[in-house]
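A.B. asks: Got a predicted model here, sequence first, then my questions.
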Amino acid sequence: MSHEGIRFVSKEEAERGAAMDGMAAKLPAEAVTPAKVRVHQTEGTGVEIEWKDGQRSAWSFRWLRDACPCATCHEEREHSGRRPGEGKPKPTTLLPMYEAPVRPTEVIPVGRYAVKFKWSDGHESGIYSWEYLRKVCGTEAKG
């Protein structure tokens, strides 16, 4: 009997996997179709979406950057055990260096299904589909 393809995981990895499995469920069209999208680029605050099913969601730009769905960011988060929107731990130093808040320099609609940001830190490969944003809307830290 072959055990190829079987991988043993820790309890923490299994729990993370179960949480991500919930993201795989298909949502109804009204739940992933925005009625209104507000990107507060000038104010630097974030994005608000009012969905066709009446739900409202809001994310800060920092949260969205930390939840980038591109393959590189997704893999790095998965490897480090972070959830979408959870930032990398900052090194503890006596006098931390100031880090300017990340902001989009450009916001680009992608067809009728997503939005893409060009970030002030140079990153721009993530495409934030409406479905992805709706699935993570309960996990966001609005600050």
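C.D. replies: Thanks, I have the structure now. Numbering: from 1, shown residues only.

A.B. asks: any idea where the helices of this structure begin and end?
C.D. replies: Counting by DSSP state H, the chain has helices at residues 11-24, 61-66, 71-80, 130-135.

A.B. asks: Show me what counts as buried in stretch 79-91.
C.D. replies: Arg82, Pro84, Gly85 (16 or more other CB atoms under 10 Å). To be clear about C-beta, it is placed using only N, CA and C from the backbone, and glycine gets the same treatment.

A.B. asks: Do you know the pLDDT at the first one?
C.D. replies: Arg82 carries a pLDDT score of 93 in this model.

A.B. asks: got it, and Ala100?
C.D. replies: pLDDT, Ala100: 84.

A.B. asks: separation between it and Pro91?
C.D. replies: Taking CB to CB, to the nearest Å as the measure, Ala100 falls 17 Å from Pro91.

A.B. asks: likewise Val37?
C.D. replies: Val37 is 36 Å from Pro91, by CB to CB.

A.B. asks: Strands of this structure, start to end?
C.D. replies: Remark: strands assigned in the chain by DSSP state E are 34-40, 46-51, 56-60, 104-110, 114-119, 127-129.
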